[in-house]
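[1] Just need the structure, nothing else, for what follows:
(chains A and B)
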Amino acid sequence: AQTVTQSQPEMSVQEAETVTLSCTYDTSESDYYLFWYKQPPSRQMILVIRQEAYKQQNATENRFSVNFQKAAKSFSLKISDSQLGDAAMYFCAYISYNTDKLIFGTGTRLQVFP
Amino acid sequence: GAVVSQHPSWVICKSGTSVKIECRSLDFQATTMFWYRQFPKQSLMLMATSNEGSKATYEQGVEKDKFLINHASLTLSTLTVTSAHPEDSSFYICSASKIPTVQGYFGPGTRLTVL
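    Here you go, the predicted model:
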């Protein structure tokens, strides 16, 4: 069975600094997608970034980028120039081509200090 | 595009009553809809998957007779919590997917409090 692990329950960063959130996953499949979702205090799930497993190039979205290491089954999220609005729960998620179910990690709470 | 709404956003009910939560895809037809439950400071737990016109598929440990899911159309799925008890109090989130994208589009969630 596929699993997603986030080993950092909480992280903190100072405004304008860079922070990296870790995620590892376990799967025997070769075709899948990986996502990072943000859940602010409003609890609305917001897609931050996605990565197709077949793509070697790491995805980037403005200040957000990932370090995708397929062989190591690692998918970390880097937030550059952190802003107060980045404070939220961040969930790493996996979905295989063969199923439509998202599998979530346990989440990392990010605090941003001014 | 790809907006998902949920109604109500917050509901309080008495123990023993039933509560219906609606999930709508506003600007697309959802091939599949998903219902999650989230306890405070925890991750999302998938409860069931529903496809229009067919019975929902429940995850292991989820009582299908307690959490009734109806996927009446390609834009509407409902979750009914029957004979609610205080332990059913939680945050319920729906998501919808549409071909060809695989990512879930999430509703804003419904906070259920059972007194």
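[2] confidence score at residue B:34?
    Looking at residue B:34, its pLDDT reads 94.
[3] from what I can see it touches residue A:101, true?
    Yes: at 7.4 Å, residue B:34 counts as touching residue A:101 under the criterion of CB atoms under 8 Å. Quick note: C-beta positions are derived from backbone N, CA and C, even for glycine.
[4] of the two, who's got more company?
    Using other CB atoms under 10 Å in any protein chain shown as the criterion, residue B:34 and residue A:101 rank with residue B:34 on top: 25 against 19.
[5] I'd like the next helix or strand past the helix or strand hosting the more buried one.
    Residue B:34 belongs to strand B:32-38 when assigned by DSSP states H and E. Under the assignment DSSP H and E, the closest C-terminal helix or strand after strand B:32-38 is strand B:44-51.
[6] what's the next secondary structure element after the helix or strand harbouring residue A:67?
    Mapping residue A:67 onto the secondary structure by DSSP H and E places it in strand A:64-69. Next in sequence after strand A:64-69, counting helices and strands by DSSP H and E, comes strand A:74-79.
[7] Let me know the average pLDDT across that following strand.
    Per-residue pLDDT over strand A:74-79 has a mean of 98.
[8] Run through the neighbouring helices and strands of that strand.
    Contact partners of strand A:74-79 among helices and strands, from 3 or more CB pairs under 8 Å, 6 or more residues apart in numbering or on different chains; DSSP states H and E: strand A:19-21, strand A:24-26, strand A:32-39, strand A:46-52, strand A:64-69, strand A:88-96.
[9] now those strands as TSV including mean pLDDT and mean neighbour count?
    Output for those, formatted as TSV (pLDDT from 0 to 100; neighbours: other CB atoms under 10 Å in any protein chain shown):
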stretch	mean pLDDT	mean neighbour count
strand A:19-21	98	19
strand A:24-26	97	16
strand A:32-39	96	23
strand A:46-52	95	17
strand A:64-69	98	18
strand A:88-96	95	23
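[10] partners of the strand holding residue B:34, with directions?
    Sheet pairing of strand B:32-38 (DSSP bridges) gives strand B:44-51 (antiparallel), strand B:90-97 (antiparallel).
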